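Trainee: pasting the sequence and the predicted model now:
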Amino acid sequence: MSNDAGKTEQVVLDKEEARKIINPDQDPHGQVLFQKAQQLGEKLKSEEVTVHQIRKIYTELKRINYDNDGKYKYRLRLVKARIAYTAGRFEKLKFLINTLNEIIDVTLDGKEEQLKRLKDFFEAVIAYHKSAEGSKRNKNS
């Protein structure tokens, strides 16, 4: 197995980690949420994924509003399809499919709080991505 494959495994969420991130009872202080978001944000930066590429996904997630009828689940599934499409166009995003599919699948089984935590997770991923960008720039100065 190559080193790149090992790095990918570090940030890919398994179902149990995704459940913890999404469930405020299991991760009330967001410890797992922010730890995994940081790992993913840094991995995206190291793979030279642009903020634009991941912000498009986040923008889609932000537009989804919870409803008691479950219609928001259709939009979440559409986001999964768009992630697959984007990863198909950009090889360096392939690892992102499994990571986000796990957390979106867990969110599909949840309620409003789980959708909010998914959005918080992805917002944190972008923040850590930008932070890694700043750290890299400061090291090069």
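Mentor: Structure received. Residues are numbered from 1 along each chain as shown.
Trainee: burial count for Glu16?
Mentor: Glu16 sits with 12 neighbouring residues when counted by other CB atoms under 10 Å. Quick note: C-beta positions are derived from backbone N, CA and C, even for glycine.
Trainee: can you list the residues that contact the strand or helix carrying it?
Mentor: Assigning secondary structure by DSSP states H and E places Glu16 in helix 15-22. Contact with helix 15-22 is made by 13, 26-27, 32-33, 36, 102-103, 105-107, 110, 114, 117-118, 121, as judged by CB atoms under 8 Å, 6 or more residues apart in numbering.
Trainee: go again with 7 Å.
Mentor: If you take CB atoms under 7 Å, 6 or more residues apart in numbering as the criterion, helix 15-22 is touched by 26-27, 32-33, 36, 102-103, 106-107, 110, 114, 117-118, 121.
Trainee: swap in stretch 89-97?
Mentor: Residues from elsewhere that reach stretch 89-97 (CB under 7 Å, 6+ apart): Thr8, Val12, Glu47, Glu48, Val49, Gln53, Ile83, Ala84, Thr86, Ala87.
Trainee: got the buried residues for it?
Mentor: Within stretch 89-97, the residues that qualify as buried by neighbour count (16 or more other CB atoms under 10 Å) are Leu93, Phe95, Leu96, Ile97.
Trainee: just checking, next helix/strand downstream of the helix holding Glu16?
Mentor: Next along from helix 15-22, by DSSP H and E: helix 31-46.
Trainee: what score does Leu93 have for pLDDT?
Mentor: Looking at Leu93, its pLDDT is 84.
Trainee: and it, backbone torsions?
Mentor: phi -100, psi 0 (degrees, to the nearest 10).
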